[in-house]
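> would you be able to build a 3D model of this:
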Amino acid sequence: MVFDGLHITLKDLKRQIMDREKLRAADCDLQITNAQTKEEYKDEEDLITKNSSVIVRRIPMVGVKSSGNKTSKTTVRSDQQFHHHAFGASKA
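From the prediction side, this is the model:
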């Protein structure tokens, strides 16, 4: 993910990933974990440092039926993981 600045909030990172992967917040949430320390980011205002590696896991909402095609990568498995590097870019 590309962002300006030295950090990105957990809330903003989740929003960018969900937009990129075409996921809906009503269907799932994302669990973000630091790839090196295995620490899970839980507070929406947690800051994730530029160039950090994170593990992203899609967590389905309880009691929500998938409205998409059952062959879709984003709806078939609840344990699907995306590995993202939080890259930043400063534009002058």
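
> buried ones in the longest helix along the chain?
In the chain, assigned by DSSP state H, the helix with the most residues is helix 10-21. For helix 10-21, the neighbour count (16 or more other Cβ atoms under 10 Å) marks 10, 12-14, 16-18 as buried. In this view, the C-beta of every residue, glycine as well, is placed from N, C-alpha and C.

> make JSON lines from the residues you listed and add pLDDT to it.
Converted to JSON lines, the buried residues of helix 10-21 look like this (pLDDT from 0 to 100):
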{"residue": "10", "pLDDT": "97"}
{"residue": "12", "pLDDT": "95"}
{"residue": "13", "pLDDT": "95"}
{"residue": "14", "pLDDT": "95"}
{"residue": "16", "pLDDT": "93"}
{"residue": "17", "pLDDT": "94"}
{"residue": "18", "pLDDT": "94"}
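
> a markdown table for those, including distance to residue 37?
Formatted as a markdown table, the buried residues of helix 10-21 follow (distance: Cβ to Cβ, whole Å):
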| residue | distance to residue 37 |
| --- | --- |
| 10 | 15 |
| 12 | 21 |
| 13 | 16 |
| 14 | 19 |
| 16 | 22 |
| 17 | 19 |
| 18 | 24 |
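
> need the max-distance pair from the residues you listed.
10 and 18 (12.3 Å; Cβ to Cβ).

> the very next helix or strand once past the longest helix of the chain pairs with which strands?
Once helix 10-21 ends, the next helix or strand along the chain (criterion: DSSP states H and E) is strand 28-34. Counting by DSSP bridges, the strands paired with strand 28-34 are strand 40-41 (antiparallel), strand 52-60 (antiparallel).
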